[in-house]
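**Student:** Predicted model and sequence below, questions to follow.
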Amino acid sequence: MVAPTAQTASPPPANPVPTPTVVIQSSLPRTTSDLRFDGTNWEDLGRLVTLAQLEHLFAPDSSDSHLCAWLAQRFDGPALDWLGQHMAAYPQTWDDDFSAFQDQVKEAFGIENDVLRNLFRAQYDALLWGQDAPLFFAEFDRLTSLLQLRSDTVRIEMLRGKLPVALRTQLAEQALDFTSYSVMKQRLITMWALKPKGVAHERAKNATRTKCSKCGKKGHRAADSRSGN
């Protein structure tokens, strides 16, 4: 009889094939991939929601579940901890409705309308008229829109309170009165662009008025005179 041969186990492969994981690929450009929400940066949550809505435009067949997952993948820290608890509590329904998911996140982290309004109001109060008038108006328009202050009358009065004394005086001297915010905005941008700026300009303007007591010519002082008299 032939003795049976012993069966030996096959050695494990040197490089086991990893278990595939499901990754939701975004069709958005990757320039915003570093934007995250950790539960404290409220404005970034709003930006991420906007990006998720843009995701829907890039992929019209995306569902609410897809958008919820897209947003959830960008949670960090306390927001990610909350998400784990929320998914455990509602495993079948947490991603059914994207709008409801947003509301649940806002409620969990105290992002109520009053809180956001106070935040935007604080940013408005800190806004100052600067050297770049178009940049000022871009921020002014953004904040008044977020505060839902869209009436021309209201925005004109709020804008007057932000103007420097020189511009307010100029408006009064020219007896300019506005009923349209957009007209006032364009007029102010033009006035500010034409306004001379800088110490060098003031010195040059004053120099044309100065009369030298040594030679009698205008444009310099006696100490700077080249006259030998």
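**Tutor:** Received the coordinates, thanks.

**Student:** L51: neighbouring residues, count only.
**Tutor:** By other Cβ atoms under 10 Å, the residues close to L51 number 17. All C-beta atoms are positioned from the backbone trio N, CA, C, and that covers glycine.

**Student:** which other helices and strands contact the helix or strand harbouring it?
**Tutor:** In the assignment (DSSP states H and E), L51 maps to helix 42-58. Helices and strands touching helix 42-58, by 3 or more Cβ pairs under 8 Å, 6 or more residues apart in numbering; DSSP states H and E, are helix 64-72, helix 98-108, helix 113-126.

**Student:** Can I get that helix in CSV, CA atoms only?
**Tutor:** Output in CSV follows, covering the C-alpha atoms of helix 42-58 (Å, rounded to 0.1, in the frame of the first residue of the first chain):
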residue,chain,number,x,y,z
TRP,A,42,-19.5,78.5,11.9
GLU,A,43,-18.8,80.5,8.7
ASP,A,44,-16.8,77.5,7.3
LEU,A,45,-19.9,75.3,7.8
GLY,A,46,-21.9,77.8,5.6
ARG,A,47,-19.1,77.6,3.0
LEU,A,48,-19.1,73.8,3.0
VAL,A,49,-22.9,73.8,2.6
THR,A,50,-22.5,76.0,-0.4
LEU,A,51,-19.8,73.7,-1.9
ALA,A,52,-22.1,70.7,-1.3
GLN,A,53,-24.8,72.5,-3.3
LEU,A,54,-22.3,73.2,-6.0
GLU,A,55,-21.5,69.5,-5.9
HIS,A,56,-25.1,68.9,-6.8
LEU,A,57,-24.7,71.2,-9.8
PHE,A,58,-21.6,69.3,-11.0
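
**Student:** Give me the buried positions along that helix.
**Tutor:** Buried residues in helix 42-58, counted by 16 or more other Cβ atoms under 10 Å: 45-46, 48-49, 51-52, 55-56.
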